[in-house]
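# Predicted model and sequence follow; I will ask about them next.
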Amino acid sequence: MTIDRRAFITASGAALATRALATPAIAATHGKRPQGRFPNGFLWGAATSGHQTEGNDTASDTWLLENVKPSVFVEPSRDACDSFELWAKDLDLVRDFGLNTYRFSIEWSRIEPEPGLFSQAMLDHYRRMIDGCRDRGLTPMVTFNHFTCPRWFSANDGWLSEKSPVLFARYCEHAARRLADGIGYATTLNEPNVMRLLKWMNLPAPLLAAQRAMLIAAARATGAVAFSAANAANVEDLDRQMAHLLAAHAAGRAAIKSVRPDLPVGLSLAVQDDQAVGSDVERDAKRDYCYGAWLRAVAHDDFIGVQNYDRTRIGPSGPLPPPAAAPRNGMGQEIYPPSLGDAVRYVHAATGLAVIVTENGLDTTDDAQRAAYIPAALEGLKSAMDAGVPVRGYVHWSLLDNFEWVFGYGPKYGLVAVDRQTFRRTPKPSAAVYGAIARRNAI
(Lines give C-alpha, C1' and ligand atoms only; values in the text may rest on other atoms or scores of the structure.)
Protein backbone atom coordinates (compact mmCIF):
# COMPACT_ATOMS: atom_id res chain seq x y z
CA MET A 1 0.00 0.00 0.00
CA THR A 2 1.28 3.47 -0.75
CA ILE A 3 1.19 4.95 2.70
CA ASP A 4 1.84 8.40 4.04
CA ARG A 5 4.40 7.87 6.72
CA ARG A 6 2.47 10.20 8.99
CA ALA A 7 -0.18 7.56 9.42
CA PHE A 8 2.31 4.99 10.64
CA ILE A 9 5.32 7.14 11.51
CA THR A 10 3.26 9.97 12.80
CA ALA A 11 3.63 13.18 14.75
CA SER A 12 4.49 12.67 18.37
CA GLY A 13 5.27 14.45 21.53
CA ALA A 14 3.59 15.68 24.63
CA ALA A 15 2.18 19.15 24.24
CA LEU A 16 3.54 21.59 26.77
CA ALA A 17 0.52 23.05 28.38
CA THR A 18 -0.54 26.55 29.13
CA ARG A 19 -3.78 27.57 30.78
CA ALA A 20 -4.59 29.74 27.82
CA LEU A 21 -4.55 26.71 25.55
CA ALA A 22 -6.35 24.50 28.06
CA THR A 23 -4.33 21.37 27.25
CA PRO A 24 -2.96 18.78 29.69
CA ALA A 25 0.39 19.68 31.22
CA ILE A 26 3.14 17.24 30.31
CA ALA A 27 6.91 17.61 30.60
CA ALA A 28 8.37 18.49 27.22
CA THR A 29 12.13 18.13 27.50
CA HIS A 30 14.82 16.07 29.14
CA GLY A 31 16.95 17.74 31.80
CA LYS A 32 17.31 21.50 32.18
CA ARG A 33 15.15 24.03 30.42
CA PRO A 34 17.04 25.47 27.42
CA GLN A 35 18.57 28.88 27.90
CA GLY A 36 18.89 31.93 25.68
CA ARG A 37 18.02 32.76 22.13
CA PHE A 38 18.47 30.77 18.96
CA PRO A 39 21.56 31.72 16.91
CA ASN A 40 21.45 34.74 14.63
CA GLY A 41 20.43 33.69 11.15
CA PHE A 42 18.47 30.67 12.37
CA LEU A 43 16.08 29.42 9.69
CA TRP A 44 12.43 29.56 10.72
CA GLY A 45 10.28 28.05 8.03
CA ALA A 46 7.16 26.28 6.88
CA ALA A 47 7.05 23.47 4.34
CA THR A 48 4.90 22.22 1.50
CA SER A 49 5.45 19.86 -1.43
CA GLY A 50 4.39 20.34 -5.02
CA HIS A 51 2.06 17.39 -5.50
CA GLN A 52 0.38 17.91 -2.14
CA THR A 53 -0.50 21.56 -2.76
CA GLU A 54 -0.20 22.54 -6.44
CA GLY A 55 -3.01 20.45 -7.89
CA ASN A 56 -3.49 18.73 -11.26
CA ASP A 57 -0.06 17.13 -11.36
CA THR A 58 -1.39 14.95 -14.15
CA ALA A 59 1.92 13.75 -15.61
CA SER A 60 3.10 12.28 -12.31
CA ASP A 61 3.14 8.66 -11.20
CA THR A 62 1.14 9.50 -8.08
CA TRP A 63 -1.71 11.09 -10.05
CA LEU A 64 -2.06 7.79 -11.88
CA LEU A 65 -1.94 5.74 -8.68
CA GLU A 66 -4.68 7.91 -7.17
CA ASN A 67 -6.97 7.32 -10.13
CA VAL A 68 -6.48 3.70 -11.21
CA LYS A 69 -8.79 0.95 -10.02
CA PRO A 70 -8.10 -0.52 -7.57
CA SER A 71 -6.31 2.24 -5.67
CA VAL A 72 -5.40 2.48 -2.01
CA PHE A 73 -5.87 6.26 -2.06
CA VAL A 74 -9.10 7.26 -0.34
CA GLU A 75 -9.49 10.13 -2.82
CA PRO A 76 -7.48 11.77 -5.62
CA SER A 77 -5.56 15.01 -5.16
CA ARG A 78 -7.53 16.89 -7.86
CA ASP A 79 -6.91 20.66 -7.44
CA ALA A 80 -5.11 20.17 -4.10
CA CYS A 81 -4.70 23.68 -2.61
CA ASP A 82 -4.40 25.32 -6.05
CA SER A 83 -0.93 26.49 -5.06
CA PHE A 84 0.25 26.30 -8.66
CA GLU A 85 -1.81 29.46 -9.12
CA LEU A 86 -1.87 30.77 -5.55
CA TRP A 87 1.80 30.34 -4.62
CA ALA A 88 2.22 34.10 -4.08
CA LYS A 89 -0.51 34.04 -1.42
CA ASP A 90 1.32 31.17 0.26
CA LEU A 91 4.56 33.14 0.31
CA ASP A 92 2.73 36.16 1.73
CA LEU A 93 1.47 33.97 4.58
CA VAL A 94 4.96 32.72 5.40
CA ARG A 95 6.30 36.26 5.43
CA ASP A 96 3.40 37.67 7.42
CA PHE A 97 3.79 34.99 10.10
CA GLY A 98 7.31 36.34 10.73
CA LEU A 99 9.14 33.35 9.25
CA ASN A 100 12.23 33.66 7.05
CA THR A 101 12.28 30.37 5.11
CA TYR A 102 9.96 28.50 2.76
CA ARG A 103 10.55 24.86 1.87
CA PHE A 104 8.84 23.60 -1.26
CA SER A 105 9.46 21.07 -4.02
CA ILE A 106 9.76 21.43 -7.74
CA GLU A 107 7.86 18.76 -9.68
CA TRP A 108 9.97 16.57 -11.95
CA SER A 109 6.81 15.53 -13.82
CA ARG A 110 6.08 19.14 -14.76
CA ILE A 111 9.67 19.96 -15.72
CA GLU A 112 10.27 16.75 -17.74
CA PRO A 113 6.80 15.45 -18.66
CA GLU A 114 8.29 13.16 -21.34
CA PRO A 115 11.79 11.66 -21.42
CA GLY A 116 14.27 14.35 -22.46
CA LEU A 117 11.53 16.96 -22.99
CA PHE A 118 12.18 19.81 -20.57
CA SER A 119 9.61 22.55 -20.12
CA GLN A 120 11.05 26.05 -20.07
CA ALA A 121 7.64 27.35 -18.99
CA MET A 122 7.64 25.15 -15.88
CA LEU A 123 11.22 26.08 -15.03
CA ASP A 124 10.23 29.73 -15.36
CA HIS A 125 7.28 29.08 -13.04
CA TYR A 126 9.53 27.71 -10.30
CA ARG A 127 11.99 30.53 -10.93
CA ARG A 128 9.22 33.01 -10.20
CA MET A 129 8.55 31.20 -6.92
CA ILE A 130 12.22 31.38 -5.95
CA ASP A 131 12.40 35.06 -6.85
CA GLY A 132 9.14 35.59 -4.97
CA CYS A 133 10.73 34.15 -1.86
CA ARG A 134 13.72 36.47 -2.20
CA ASP A 135 11.47 39.48 -2.76
CA ARG A 136 9.75 38.72 0.56
CA GLY A 137 12.96 38.14 2.51
CA LEU A 138 12.46 34.36 2.55
CA THR A 139 15.20 31.80 2.02
CA PRO A 140 14.06 29.29 -0.64
CA MET A 141 14.71 25.71 0.51
CA VAL A 142 14.04 23.58 -2.58
CA THR A 143 13.48 19.83 -2.73
CA PHE A 144 14.25 18.37 -6.16
CA ASN A 145 12.20 15.22 -5.55
CA HIS A 146 9.46 14.91 -2.92
CA PHE A 147 8.40 11.30 -3.70
CA THR A 148 6.57 12.00 -6.98
CA CYS A 149 8.19 11.27 -10.34
CA PRO A 150 7.11 11.47 -13.97
CA ARG A 151 4.70 8.75 -15.03
CA TRP A 152 7.08 7.65 -17.81
CA PHE A 153 9.85 7.17 -15.23
CA SER A 154 7.84 4.89 -12.94
CA ALA A 155 6.40 2.98 -15.90
CA ASN A 156 9.99 2.07 -16.79
CA ASP A 157 10.76 0.47 -13.41
CA GLY A 158 11.21 3.80 -11.61
CA TRP A 159 13.86 3.58 -8.90
CA LEU A 160 14.26 -0.14 -9.65
CA SER A 161 15.94 0.68 -12.96
CA GLU A 162 19.72 0.86 -13.24
CA LYS A 163 19.18 3.97 -15.38
CA SER A 164 17.33 5.85 -12.65
CA PRO A 165 20.35 7.61 -11.06
CA VAL A 166 21.47 8.93 -14.46
CA LEU A 167 17.96 10.10 -15.34
CA PHE A 168 17.59 11.84 -11.99
CA ALA A 169 20.97 13.56 -12.36
CA ARG A 170 20.01 14.76 -15.85
CA TYR A 171 16.85 16.31 -14.44
CA CYS A 172 18.73 17.89 -11.51
CA GLU A 173 21.27 19.47 -13.85
CA HIS A 174 18.61 20.95 -16.13
CA ALA A 175 16.67 22.32 -13.18
CA ALA A 176 19.78 23.68 -11.49
CA ARG A 177 20.84 25.60 -14.59
CA ARG A 178 17.68 27.71 -14.37
CA LEU A 179 17.12 27.73 -10.62
CA ALA A 180 20.24 27.09 -8.56
CA ASP A 181 21.57 30.64 -8.33
CA GLY A 182 18.46 31.70 -6.39
CA ILE A 183 18.15 28.71 -4.06
CA GLY A 184 19.27 28.95 -0.43
CA TYR A 185 19.40 25.23 0.40
CA ALA A 186 18.72 22.22 -1.82
CA THR A 187 17.70 18.68 -0.96
CA THR A 188 17.89 15.95 -3.56
CA LEU A 189 15.40 13.46 -2.11
CA ASN A 190 12.68 13.57 0.52
CA GLU A 191 12.60 10.63 2.95
CA PRO A 192 14.13 8.03 0.63
CA ASN A 193 14.17 5.61 3.59
CA VAL A 194 10.41 5.70 4.22
CA MET A 195 9.57 2.37 2.59
CA ARG A 196 12.15 0.54 4.72
CA LEU A 197 10.66 2.13 7.82
CA LEU A 198 7.25 0.84 6.81
CA LYS A 199 8.64 -2.63 6.10
CA TRP A 200 10.28 -2.69 9.54
CA MET A 201 6.87 -1.98 11.05
CA ASN A 202 5.51 -5.21 9.53
CA LEU A 203 2.49 -3.79 7.77
CA PRO A 204 -0.45 -6.19 7.50
CA ALA A 205 -0.54 -8.54 4.53
CA PRO A 206 -3.83 -7.09 3.20
CA LEU A 207 -2.24 -3.65 2.90
CA LEU A 208 0.71 -5.05 0.99
CA ALA A 209 -1.64 -7.01 -1.27
CA ALA A 210 -3.67 -3.86 -1.96
CA GLN A 211 -0.52 -2.00 -2.94
CA ARG A 212 0.51 -4.84 -5.26
CA ALA A 213 -2.90 -4.76 -6.97
CA MET A 214 -2.67 -1.00 -7.45
CA LEU A 215 0.80 -1.25 -9.01
CA ILE A 216 -0.43 -3.97 -11.37
CA ALA A 217 -3.32 -1.72 -12.39
CA ALA A 218 -0.90 1.17 -13.01
CA ALA A 219 1.32 -1.04 -15.14
CA ARG A 220 -1.70 -2.14 -17.17
CA ALA A 221 -2.82 1.48 -17.62
CA THR A 222 0.58 2.53 -18.97
CA GLY A 223 1.29 -0.60 -20.99
CA ALA A 224 4.31 -1.28 -18.81
CA VAL A 225 5.69 -4.58 -17.63
CA ALA A 226 5.86 -3.21 -14.08
CA PHE A 227 5.20 0.07 -12.28
CA SER A 228 7.06 1.21 -9.16
CA ALA A 229 7.08 4.49 -7.24
CA ALA A 230 9.24 5.96 -4.48
CA ASN A 231 6.55 5.53 -1.82
CA ALA A 232 4.76 2.60 -3.47
CA ALA A 233 7.00 -0.39 -4.05
CA ASN A 234 6.66 -4.08 -3.29
CA VAL A 235 8.66 -5.30 -0.31
CA GLU A 236 10.82 -7.67 -2.34
CA ASP A 237 12.05 -4.68 -4.37
CA LEU A 238 13.14 -2.43 -1.51
CA ASP A 239 16.82 -3.39 -1.45
CA ARG A 240 17.17 -2.69 -5.18
CA GLN A 241 15.20 0.53 -4.80
CA MET A 242 17.47 1.74 -2.00
CA ALA A 243 20.64 0.96 -3.95
CA HIS A 244 19.47 3.13 -6.84
CA LEU A 245 18.18 5.91 -4.58
CA LEU A 246 21.58 6.03 -2.87
CA ALA A 247 23.27 6.34 -6.26
CA ALA A 248 20.70 8.92 -7.35
CA HIS A 249 21.39 11.10 -4.34
CA ALA A 250 25.12 11.12 -5.08
CA ALA A 251 24.54 11.75 -8.78
CA GLY A 252 21.94 14.44 -8.13
CA ARG A 253 24.15 16.21 -5.62
CA ALA A 254 27.05 16.18 -8.10
CA ALA A 255 24.81 17.51 -10.88
CA ILE A 256 23.56 20.41 -8.74
CA LYS A 257 27.07 21.18 -7.53
CA SER A 258 28.37 21.15 -11.11
CA VAL A 259 26.14 24.16 -11.76
CA ARG A 260 26.69 25.94 -8.44
CA PRO A 261 29.45 24.49 -6.26
CA ASP A 262 28.70 26.71 -3.25
CA LEU A 263 25.01 25.76 -2.95
CA PRO A 264 24.44 23.73 0.25
CA VAL A 265 23.03 20.34 -0.76
CA GLY A 266 21.73 17.51 1.42
CA LEU A 267 18.76 15.17 1.73
CA SER A 268 15.87 14.81 4.15
CA LEU A 269 15.65 11.61 6.20
CA ALA A 270 12.64 10.24 8.10
CA VAL A 271 13.92 9.58 11.63
CA GLN A 272 12.00 8.28 14.60
CA ASP A 273 13.16 8.77 18.18
CA ASP A 274 14.08 5.14 18.78
CA GLN A 275 14.09 4.27 22.47
CA ALA A 276 15.31 0.92 23.71
CA VAL A 277 13.28 -0.73 26.46
CA GLY A 278 15.74 -3.18 27.93
CA SER A 279 18.59 -4.22 25.64
CA ASP A 280 19.82 -1.90 22.87
CA VAL A 281 20.13 -4.80 20.40
CA GLU A 282 16.72 -4.50 18.71
CA ARG A 283 16.85 -0.71 18.62
CA ASP A 284 20.30 -0.70 17.03
CA ALA A 285 19.25 -3.31 14.46
CA LYS A 286 16.26 -1.16 13.52
CA ARG A 287 18.46 1.92 13.19
CA ASP A 288 20.92 0.12 10.94
CA TYR A 289 18.15 -1.23 8.70
CA CYS A 290 16.19 2.01 8.41
CA TYR A 291 18.91 4.68 8.48
CA GLY A 292 22.36 3.11 8.34
CA ALA A 293 23.08 3.25 4.61
CA TRP A 294 21.77 6.81 4.39
CA LEU A 295 23.74 8.07 7.35
CA ARG A 296 26.86 6.76 5.61
CA ALA A 297 25.83 8.14 2.22
CA VAL A 298 25.66 11.77 3.39
CA ALA A 299 29.34 11.99 4.31
CA HIS A 300 29.98 14.51 1.51
CA ASP A 301 26.77 16.50 2.01
CA ASP A 302 26.67 20.03 3.41
CA PHE A 303 23.88 19.26 5.91
CA ILE A 304 21.29 16.61 6.69
CA GLY A 305 17.57 17.24 6.90
CA VAL A 306 15.83 15.51 9.80
CA GLN A 307 12.08 14.81 9.59
CA ASN A 308 10.71 13.63 12.89
CA TYR A 309 7.13 13.09 14.04
CA ASP A 310 7.30 10.49 16.79
CA ARG A 311 9.15 8.11 19.01
CA THR A 312 9.19 4.32 18.92
CA ARG A 313 9.78 2.31 22.08
CA ILE A 314 11.48 -0.94 21.10
CA GLY A 315 11.56 -4.05 23.25
CA PRO A 316 13.07 -7.51 22.63
CA SER A 317 10.15 -8.44 20.37
CA GLY A 318 9.87 -5.17 18.48
CA PRO A 319 7.87 -1.94 18.85
CA LEU A 320 5.82 -1.43 22.01
CA PRO A 321 2.51 0.41 22.28
CA PRO A 322 2.58 3.94 23.72
CA PRO A 323 1.85 4.46 27.41
CA ALA A 324 -1.87 4.20 28.13
CA ALA A 325 -2.10 7.72 29.55
CA ALA A 326 -0.18 9.41 26.73
CA PRO A 327 -1.96 12.25 24.90
CA ARG A 328 -2.96 11.38 21.32
CA ASN A 329 -3.00 13.18 17.99
CA GLY A 330 -5.60 13.12 15.23
CA MET A 331 -4.64 9.57 14.26
CA GLY A 332 -4.99 8.40 17.85
CA GLN A 333 -1.24 8.06 18.26
CA GLU A 334 1.06 9.35 20.96
CA ILE A 335 2.11 13.00 21.18
CA TYR A 336 5.71 13.21 22.40
CA PRO A 337 7.57 16.46 21.58
CA PRO A 338 10.99 15.46 23.00
CA SER A 339 11.33 13.09 20.04
CA LEU A 340 12.58 15.96 17.88
CA GLY A 341 15.55 16.82 20.06
CA ASP A 342 16.40 13.15 20.51
CA ALA A 343 16.30 12.53 16.74
CA VAL A 344 18.65 15.40 15.86
CA ARG A 345 21.08 14.31 18.59
CA TYR A 346 21.21 10.82 17.12
CA VAL A 347 21.62 11.94 13.51
CA HIS A 348 24.36 14.45 14.29
CA ALA A 349 26.25 11.91 16.39
CA ALA A 350 26.04 9.42 13.52
CA THR A 351 27.10 11.82 10.76
CA GLY A 352 28.89 14.82 12.26
CA LEU A 353 26.84 17.02 9.94
CA ALA A 354 24.94 20.20 10.61
CA VAL A 355 21.20 19.53 10.88
CA ILE A 356 18.17 21.31 9.47
CA VAL A 357 14.80 20.14 10.75
CA THR A 358 13.09 19.96 7.38
CA GLU A 359 9.81 18.63 8.79
CA ASN A 360 8.16 18.37 12.20
CA GLY A 361 4.53 18.82 13.08
CA LEU A 362 1.27 17.42 14.37
CA ASP A 363 -1.87 15.98 12.80
CA THR A 364 -4.81 17.34 14.77
CA THR A 365 -8.14 19.07 14.28
CA ASP A 366 -7.63 20.67 17.71
CA ASP A 367 -5.32 23.57 16.93
CA ALA A 368 -4.73 24.16 20.64
CA GLN A 369 -2.75 20.92 20.59
CA ARG A 370 -0.58 22.23 17.76
CA ALA A 371 -0.11 25.61 19.44
CA ALA A 372 1.16 23.81 22.54
CA TYR A 373 3.17 21.22 20.62
CA ILE A 374 5.34 23.69 18.70
CA PRO A 375 7.06 25.36 21.70
CA ALA A 376 7.35 21.98 23.41
CA ALA A 377 9.15 20.43 20.44
CA LEU A 378 11.33 23.51 20.10
CA GLU A 379 12.39 23.27 23.73
CA GLY A 380 13.70 19.78 23.04
CA LEU A 381 15.45 21.03 19.91
CA LYS A 382 17.05 23.95 21.78
CA SER A 383 18.25 21.56 24.49
CA ALA A 384 20.02 19.52 21.82
CA MET A 385 21.57 22.70 20.44
CA ASP A 386 22.69 23.75 23.92
CA ALA A 387 24.40 20.35 24.15
CA GLY A 388 26.39 21.10 21.00
CA VAL A 389 24.28 19.84 18.09
CA PRO A 390 24.68 22.32 15.18
CA VAL A 391 21.07 22.89 14.11
CA ARG A 392 20.70 25.52 11.39
CA GLY A 393 16.93 25.74 11.20
CA TYR A 394 13.45 24.44 11.92
CA VAL A 395 10.84 24.05 9.17
CA HIS A 396 7.33 23.18 10.28
CA TRP A 397 5.14 20.71 8.41
CA SER A 398 3.02 22.04 7.05
CA LEU A 399 2.08 25.50 5.93
CA LEU A 400 -1.31 24.34 4.62
CA ASP A 401 -3.82 21.62 5.31
CA ASN A 402 -3.04 19.68 2.15
CA PHE A 403 -3.27 16.34 0.37
CA GLU A 404 -1.78 13.73 2.70
CA TRP A 405 -1.14 10.98 0.18
CA VAL A 406 -3.17 7.80 0.70
CA PHE A 407 -5.33 9.47 3.38
CA GLY A 408 -6.41 12.32 1.14
CA TYR A 409 -7.53 15.52 2.83
CA GLY A 410 -8.46 13.99 6.18
CA PRO A 411 -5.28 14.64 8.21
CA LYS A 412 -4.72 18.24 9.32
CA TYR A 413 -1.09 19.30 9.71
CA GLY A 414 -1.43 22.88 8.53
CA LEU A 415 -0.79 26.20 10.18
CA VAL A 416 -3.41 27.38 7.70
CA ALA A 417 -6.82 25.87 6.87
CA VAL A 418 -7.79 25.69 3.20
CA ASP A 419 -11.39 25.74 2.00
CA ARG A 420 -11.76 22.79 -0.37
CA GLN A 421 -14.12 24.70 -2.69
CA THR A 422 -12.81 28.28 -2.73
CA PHE A 423 -9.18 27.62 -1.68
CA ARG A 424 -9.46 30.45 0.80
CA ARG A 425 -6.58 30.35 3.29
CA THR A 426 -7.40 30.92 6.98
CA PRO A 427 -4.48 31.04 9.43
CA LYS A 428 -4.97 29.11 12.66
CA PRO A 429 -3.98 30.40 16.13
CA SER A 430 -0.96 28.06 16.10
CA ALA A 431 0.52 30.13 13.27
CA ALA A 432 0.61 33.17 15.57
CA VAL A 433 2.25 31.10 18.33
CA TYR A 434 4.93 29.86 15.96
CA GLY A 435 5.37 33.24 14.35
CA ALA A 436 5.93 34.93 17.72
CA ILE A 437 8.73 32.47 18.49
CA ALA A 438 10.34 33.13 15.11
CA ARG A 439 10.08 36.92 15.45
CA ARG A 440 11.83 36.97 18.81
CA ASN A 441 14.17 34.11 17.79
CA ALA A 442 13.54 32.49 21.15
CA ILE A 443 11.00 30.20 22.76
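Ah, there it is.
# For residue 150, give the beta-bridge partners.
Beta-bridge partners for residue 150, by DSSP bridges, are residue 60.
# got a pLDDT number for it?
Per-residue confidence at residue 150 stands at 98 (pLDDT).
# Can you report how many residues lie near it?
By other Cβ atoms under 10 Å, the residues close to residue 150 number 24. Quick note: C-beta positions are derived from backbone N, CA and C, even for glycine.
# so it sits right up against residue 62, yeah?
No. Here residue 150 does not reach residue 62: they are 10.5 Å apart, not a contact under Cβ atoms under 8 Å.
# wait, residue 263 sits on residue 187?
No. Counting by Cβ under 8 Å, residue 263 stays clear of residue 187, with 11.1 Å between them.
# more neighbours, these two?
residue 187 (29 against 19).
# What separation is there between that one and residue 199?
Using Cβ to Cβ, to the nearest Å, residue 187 is found at 23 Å from residue 199.
# do the same with residue 129
As judged by Cβ to Cβ, residue 129 and residue 199 stand 35 Å apart.
# the more surrounded of these two?
A count of neighbours by other Cβ under 10 Å puts residue 129 above the other of residue 129 and residue 199, at 21 against 15.
# Wasn't that one part of a helix?
Yes. Residue 129 forms part of a helix when assessed by DSSP: H, G, I helix; E, B strand; the rest coil.
# Tell me the spacing between it and residue 88.
With Cβ to Cβ as the criterion, residue 129 and residue 88 are 8 Å apart.
# One more: residue 290?
38 Å.
# And those two? Which one has more around it.
residue 290 (26 against 14).
# Checking that one next. Helix, strand or coil?
Following three-state DSSP, residue 290 is assigned to helix.
# which stretches of the protein form strands?
Along the chain, counting by DSSP state E, strands occupy 43-47, 101-105, 139-145, 185-190, 265-270, 273-276, 304-307, 311-315, 318-319, 355-359, 391-397, 416-418, 425-427.
# Lowest average pLDDT across the ones you listed?
For the strands of the chain, where the average pLDDT is lowest is strand 318-319, sitting at a mean of 93.
# Paired strands for it, with orientation please.
strand 311-315 (antiparallel).
# Name the residues of the partner strand that are buried.
Neighbour counts over strand 311-315 (16 or more other Cβ atoms under 10 Å) mark 311, 312, 313, 314 as buried.
# any idea which of these is the one closest to residue 434?
Closest to residue 434 out of the buried residues of strand 311-315 is residue 311 (21.7 Å), distances taken as Cβ to Cβ.
# which ones are touching residue 395?
Residue 395 is in contact with 43, 45, 46, 47, 101, 103, 141, 356, 357, 358, 359, 360, counting by Cβ atoms under 8 Å, 6 or more residues apart in numbering.
# sorry, that was for residue 440
By Cβ under 8 Å, 6+ apart, the contact set of residue 440 is residue 37.
# What's the biggest helix in this structure, counting residues?
Scanning the chain for the helix with the most residues, using DSSP state H, yields helix 238-259.
# Going by neighbour count, which residues of that helix are buried?
For helix 238-259, by 16+ other Cβ under 10 Å, it's 238, 240-253, 255-257, 259.
# So for stretch 372-390, what gets flagged as buried?
Per 16+ other Cβ under 10 Å, stretch 372-390 contains these buried residues: 372-385, 389.
# Check stretch 153-171 too.
For stretch 153-171, by 16+ other Cβ under 10 Å, it's 153-161, 164-165, 167-171.
# Can you tell me which of the residues you listed end up in helices?
Among the buried residues of stretch 153-171, the members falling in helices (DSSP H) are 153, 154, 164, 165, 167, 168, 169, 170, 171.
# Give me the pLDDT for the closest residue to the first one other than its chain neighbours.
Meaning residue 153. Of all residues not flanking residue 153 in the chain, residue 167 sits nearest, at 6.5 Å (Cβ to Cβ, 6 or more residues apart in numbering). Reported pLDDT at residue 167 in the predicted model: 98.
# What of residue 22?
Model confidence at residue 22, given as pLDDT, is 32.
# got it, and residue 330?
86.
# List the contacts of it.
362, 363, 364, 365, 366, 411, 412.
# Please apply the same query to residue 294.
192, 193, 246, 267, 269.
# any low-confidence regions in the stretch 201-350 of the chain?
Residues of the stretch 201-350 of the chain meeting the criterion pLDDT under 70: none.
# thinking again about what came up before, and of the ones in helices among the buried residues of stretch 153-171, the nearest to residue 92?
Using Cβ to Cβ, those come closest to residue 92 at residue 171, 29.6 Å.
# pretty sure the closest one contacts residue 115?
No. Shown here, residue 171 and residue 115 do not form a contact pair, counting by Cβ under 8 Å, at 10.2 Å.
# count of residues packed around residue 300?
Other residues close to residue 300 by other Cβ under 10 Å number 11.
# still on that earlier bit, closest to residue 406 out of the buried residues of strand 311-315?
When the buried residues of strand 311-315 are ranked by distance to residue 406 (Cβ to Cβ), residue 312 comes first, at 20.6 Å.
# The closest one pairs with what?
The partner residues for residue 312, given DSSP bridges, come to residue 274.
# circling back: residues contacting the longest helix of the chain, please?
Here helix 238-259 has contacts from 144-145, 158-162, 164-166, 168-170, 172-173, 176-177, 180, 186, 188-189, 192-193, 195-196, 199, 228, 230, 233, 263, 265, 267, 293-294, 297, 300-301, using Cβ under 8 Å, 6+ apart.
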